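A.B. asks: next input, structure requested:
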Amino acid sequence: MSSVNKGLKAVSMLEATKGLLSVLVIFELHKLAGGNVQQVIEALIAHLHLNPANHLVQDVVLEAGKVSAANIYLVMAGASLYALIRFIEAYGLWHSLVWTEWFALLSGAIYLPFEIYGLLTKPSLLTAAILCINLLVVGFMYRVIKHKV
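C.D. replies: From the prediction side, this is the model:
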């Protein structure tokens, strides 16, 4: 197996993992849709030992009270679409389909400005790691496509 094929399979696994995480989010949102989101947030705040008198915490609780089941279902629909796209991309990369190589390049590159902005405004190790992984994927996909053209 060539290094390009190994790389495509690695990117494919990354995309499949993103899709799987989206599916897990959908299941968790489905649990919330039937319950009181505000109560869930209040329980989470208590579990994390956050100060309920903090204005930011109060704002989160207040906003959580405004979340309706319809809003949750809308987010679930978006997450479902995202998961489907990630799974299709993973399948295509696994099978070295050229259009998915272009799609992976473009879909990765689209996030770069937001990730750079996030790193500049609220630097964290996680943000830096996500940016580095995305840069590696975009650079690799560019190299794969350039080699084929």
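
A.B. asks: tell me which element the most centrally placed residue in the chain falls in.
C.D. replies: Among the residues of the chain, residue 18 comes closest to the average C-alpha position under C-alpha atoms, centre = their mean, at 6.0 Å. In this structure, residue 18 sits in helix 3-33 according to DSSP states H and E.

A.B. asks: can you give me the buried ones in that helix?
C.D. replies: 7-9, 11-12, 14-16, 18-19, 22-23, 25-26, 29, 32-33 (16 or more other C-beta atoms under 10 Å). All C-beta atoms are positioned from the backbone trio N, CA, C, and that covers glycine.

A.B. asks: over to stretch 48-62?
C.D. replies: 57, 60-61.

A.B. asks: and stretch 132-144, by the same measure?
C.D. replies: Residues of stretch 132-144 classed as buried by neighbour count (16+ other C-beta under 10 Å): 134, 137-138, 140-141, 144.

A.B. asks: what do you get for stretch 61-73?
C.D. replies: 61, 64, 67, 72.

A.B. asks: inside helices: which ones of these?
C.D. replies: 61, 64, 72 (DSSP state H).

A.B. asks: what's the closest non-adjacent residue to residue 145?
C.D. replies: Leaving aside its sequence neighbours, residue 145 sits nearest to residue 101 (C-beta to C-beta, 6 or more residues apart in numbering; 5.6 Å).

A.B. asks: the one you found - how many residues pack around it?
C.D. replies: 22 (other C-beta atoms under 10 Å).

A.B. asks: list the contacts of it.
C.D. replies: Residues in contact with residue 101 (C-beta atoms under 8 Å, 6 or more residues apart in numbering) are 8, 92-93, 141, 144-145, 148.
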